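Visitor: my questions are about this predicted structure, shown below with the sequence.
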Amino acid sequence: MSDFIWYELMTHDVEGAQKFYGDVIGYSIIPSVNPDFDYRMWALRDIVLGGLMKIPDTTAAAGMRPAWLGYIGVADADDAVDAVTAAGGTILMRPTTIPNIGRLALVTDPQGAPFYVMVPKHGGAFTSLGQKPGQCGWNELHTIDSAAALDFYVQHFGWVNSSNMDMGAMGTYHMFSTGQGDPVGGIMANPQVPRPGWLFYLNVEDINAAKARVEAAGGRTLFGPQQVPNGRWVITAIDPEGATFALVAPK
């Protein structure tokens, strides 16, 4: 079974992002251990949650914009890339081995949503996904054909369609789990997004206070606060560099 094991913000302004998410969520930063590559890690209450890096100049020149990306753990990165491309996906970064980190590749699904596949060098539990403050509490794919997207991830990553919700004119919201546990995300058709992509919901303790922090720090709220069917409250927002993210809280 393939889980989300890591989340990464790629942006133009690393220092600005570090301050923004520190102010909004309370993240601290673990500095890069590689003097030749500035890759920082988000942490909160001694839990490492993800990474932060500058968009490489060549990638920025090719049109990449600031974005949050998710890593899906796989048994073999090369096999995963072959399967994704055979299904109609594309390769954005070919499989690469990073010493002491693992082997990874950046791909898109057949409808164009980007994500990483990764075989981590070291085993053990990952702490990025969960319900503690700062962790990612929900993974939501906004795409063109939600049923086709669900089939793709079920077939290639072993996910389980745990339940569905009728959203009326917006179609069906497909919830999924990555094992035998509770759902960890949903897939929906959203014709309003400029291109298919994943939206990651980061846990906070109070949604109204978090919304105020987003706006005070220079971000912008796109949606919410809105209560969702499980009783939690959410907002969707954009950071000062243009990366879209969401926040979720129990109240």
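Guide: Nice, I can see it. Residues are numbered from 1 along each chain as shown.

Visitor: how about the residue positioned nearest the centre of the chain, secondary structure?
Guide: Nearest to the mean C-alpha position of the chain, counting by CA atoms, centre = their mean, stands Gly70 at 3.9 Å. Here Gly70 is strand, with the state taken from DSSP: H, G, I helix; E, B strand; the rest coil.

Visitor: the nearest residue to Gly137 once chain neighbours are set aside: what's it in contact with?
Guide: With sequence-adjacent residues excluded and distances taken as CB to CB, 6 or more residues apart in numbering, Gly137 is closest to Asn203, at 4.4 Å. For glycine as for every other residue, the C-beta is placed from the backbone atoms N, C-alpha and C. The contact partners of Asn203, by CB atoms under 8 Å, 6 or more residues apart in numbering, come to Gly130, Gln131, Lys132, Pro133, Gly134, Gln135, Cys136, Gly137, Leu247, Val248, Ala249.

Visitor: thought Asp206 was touching the last one, still the case?
Guide: When you say that, I think you mean Ala249. Yes: under the criterion of CB atoms under 8 Å, Ala249 makes contact with Asp206 at 5.6 Å.

Visitor: between these two, which is the more surrounded one?
Guide: Per other CB atoms under 10 Å, whichever of Ala249 and Asp206 has more neighbours is Ala249, with 22 against 15.

Visitor: in three-state terms, label Pro225 for me.
Guide: Going by three-state DSSP: Pro225 is strand.

Visitor: what's the distance between it and Tyr201?
Guide: For Pro225, the distance to Tyr201 equals 13 Å [CB to CB, to the nearest Å].

Visitor: with Asn34 instead?
Guide: From Asn34 to Tyr201 the distance is 30 Å (CB to CB).

Visitor: the two: which has the busier surroundings?
Guide: Set Asn34 next to Tyr201 and count neighbours by other CB under 10 Å: Tyr201 wins out with 22 against 12.

Visitor: assumed that one was part of a strand.
Guide: Yes: with three-state DSSP as the criterion, Tyr201 is located in a strand.

Visitor: picking up where we left off before, partner residues bridging the residue nearest to the centre of the chain?
Guide: Tyr7 (DSSP bridges).

Visitor: need the per-residue pLDDT for it.
Guide: On pLDDT, Gly70 comes in at 97.

Visitor: now do Ala113: how many residues are near it, please.
Guide: Neighbour count for Ala113, taken as other CB under 10 Å: 24.
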